[in-house]
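1. the sequence and its predicted three-dimensional model are supplied below.
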Amino acid sequence: MYDYLIVGSGLFGATCAFRLRQAGKRCLVIDRRSHTGGNVHCATVEGIHVHQYGAHIFHTSDKRVWDFVNAIVPFNRYTNSPLASYHGRLFNLPFNMNTFYQMWGVRTPEEARRMIESQRLDIENPANLEEQALKLVGRDIYETLVKEYTEKQWGRPCTELPPFIIKRLPVRFVYDNNYFNDAYQGIPIGGYNRLIDGLLSGVEVKLDADFFADRPYWESVAEKVLYTGPIDAYFDYRFGKLAYRTVRFETEVLDTPNYQGNAVVNYTSHEQPFTRIIEHKHFELFGQAVYDVPKTVISREFSTEWKEGMEPFYPVNDGTNSALYLRYKELADREEKTIFGGRLAEYKYYDMAPVIARALDIDLD
Ligand code: FAD
């Protein structure tokens, strides 16, 4: 008999397994996929670690979490500095002095500020996302870098999207392309699988094992269950199904060592149906090392409406789905044997660092 059955070997389940093993508990981790790691799992193609479920960049200002993961595997110095491509022109992101120079040829913060001010619309209560963006950043930035990209992401015109989707569009009046404001960022040296392997070291794991394929059996093997799968599935969808958005990837091996010179390029016009191209090697290879690997692997990302059978990536936190989640959460709070955690069980968009923080803090005995 195990002390814990952990359903799901993603970052949440794996971090809890690590803690439980350190506390001397016996646990079994099961996952319905044929690999561990959940969405941070990487496949190795042509010697390159390919982020199979979307590009993952670790960033945090939480020193405790940063020290925790680095004690398992040291992280590299990758700094996220995406580019945007609009009808063949390239712009640095996030919006900063480099972007403004590329857009208008302005060189000083004062000139850039004046340009944005002259374009911003003075709307008190924006009725839709377009008005909200025009109020925040003005017409040129909106039309070049926000409008069509957002329409591709959501599959609807910006005039039909609610303004709250874009609460802020930060502009920086310094020459700084570092996307994140966090104190720490990087990628595990050797890839994310090393982080997961380190967390699960010494823990028994069974793959291709779906909790629902034989629920009574799995429930009988342990005193307690830590469940990280979809919360609606756990309760047999009795109130209905929660909605998600997802991303479809088209991954290709190219016979060139360096395709786009950057890990992330956003395509901000309707000219291309995809939203981004990820070139995976740039997360982990720098300088000459890029050329030491003769091929490269790229993934085009297509925002897609979620249907049964697809990967549930992003929760849709609108009124209907949030209310539905709360009904499931009420049931979850009454479960005695099962603890719920992670992005699917809490129906919450979680970055990696907060998922780890939550797994470090959750009550496990
Ligand atoms: P998951 O990784 O989803 O793990 C859940 C596991 O449970 C899965 O392995 C699943 O197979 C298993 N499971 C589910 N149901 C069952 C069942 N019935 N039986 C057995 N096993 C089951 N975060 C960042 O910090 N930076 C980023 O750049 C970033 N990029 C992202 C890009 C995308 C496209 C997505 C979707 C997420 C991104 N994230 C990013 C968030 C990150 O992926 C999550 O924080 C993290 O994966 C959450 O871990 P988890 O364990 O909660 O969930």
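-> Great, that's in hand.
2. after the lowest-mean-pLDDT helix or strand in the chain, next one along is what?
-> The weakest-scoring helix or strand in the chain, judged by mean pLDDT, DSSP states H and E, is strand 314-315 (a mean of 88). Next helix or strand after strand 314-315 toward the C-terminus (DSSP states H and E): helix 319-334.
3. and the contacts of that following helix?
-> Contact partners of helix 319-334, identified using CB atoms under 8 Å, 6 or more residues apart in numbering, comprise 231-232, 234-235, 239-240, 242-243, 315, 338, 340, 345, 347. Glycine gets a C-beta too; all of them are placed from N, C-alpha and C.
4. got any ranges where the protein has weak pLDDT?
-> Within the chain, no range satisfies pLDDT under 70.
5. show me the helices in it, by range?
-> 11-22, 63-72, 97-104, 109-119, 129-137, 139-141, 147-154, 192-199, 215-220, 231-234, 289-292, 319-334, 352-361 (DSSP state H).
6. and the third one, how far from the chain's centre?
-> Okay, so that is helix 97-104. Remark: helix 97-104 is offset 28 Å from the chain centroid, using CA atoms, centre = their mean, to the nearest Å.
7. could you say what helices and strands it packs with?
-> strand 89-92, helix 109-119, helix 139-141 (3 or more CB pairs under 8 Å, 6 or more residues apart in numbering; DSSP states H and E).
8. re earlier: can the helices of the chain go into TSV with extra columns for mean neighbour count and distance to the ligand?
-> Output for the helices of the chain, formatted as TSV (neighbours: other CB atoms under 10 Å; distance: least, CB to the nearest ligand atom, whole Å):
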stretch	mean neighbour count	distance to the ligand
helix 11-22	24	3
helix 63-72	16	10
helix 97-104	19	21
helix 109-119	15	28
helix 129-137	22	21
helix 139-141	18	23
helix 147-154	20	12
helix 192-199	21	9
helix 215-220	12	8
helix 231-234	20	6
helix 289-292	12	21
helix 319-334	13	15
helix 352-361	20	3
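9. find the closest residue to the ligand in the stretch 51-200 of the chain.
-> With CB to the nearest ligand atom, the shortest gap between the stretch 51-200 of the chain and the ligand falls at residue 54, namely 2.7 Å.
10. whoops, I mixed them up, the stretch 151-300 of the chain
-> Counting by CB to the nearest ligand atom, the stretch 151-300 of the chain gets nearest to the ligand through residue 229 (2.7 Å).
11. how near is that residue to residue 150?
-> 30 Å (CB to CB, to the nearest Å).
12. touching, residue 302 and residue 274? I think so.
-> Yes. Using CB atoms under 8 Å, residue 302 is in contact with residue 274, at 5.2 Å.
13. shared neighbours, these two?
-> residue 250.
14. which outside residues touch stretch 289-301?
-> Against stretch 289-301 from outside (CB under 8 Å, 6+ apart): 45-48, 50-51, 54-55, 247-260, 274-282, 285.
15. quick check: end-to-end length of that stretch?
-> Across its full length, stretch 289-301 reaches 26 Å between end residues, using CA to CA, to the nearest Å.
16. hmm, which of the contacts of stretch 289-301 are the buried ones?
-> 48, 50-51, 54-55, 247, 249, 259-260, 274-282, 285 (16 or more other CB atoms under 10 Å).
17. quick one: residues contacting residue 137.
-> Applying CB under 8 Å, 6+ apart, the residues near residue 137 are 95, 116, 119-120, 146, 169, 171.
18. OK, contacts around residue 84?
-> 90-93, 144-145, 149, 265-268.
19. let's see that with 6 Å instead.
-> 91, 93, 145, 266, 268 (CB atoms under 6 Å, 6 or more residues apart in numbering).
20. nearest residue to the fourth one other than its sequence neighbours?
-> The shortest distance from residue 266 to any residue other than its chain neighbours is 4.6 Å, reached at residue 84 (CB to CB, 6 or more residues apart in numbering).
21. mind checking how far residue 185 is from residue 142?
-> 28 Å.
22. neighbour count winner among these two?
-> residue 142 (25 against 22; other CB atoms under 10 Å).
23. just checking, that one touches residue 133?
-> Yes. Taking contacts as CB atoms under 6 Å, residue 142 lies within contact range of residue 133: 4.5 Å.
24. now find how far off-centre stretch 201-221 is within its chain.
-> The answer for stretch 201-221 is 26 Å, by CA atoms, centre = their mean.
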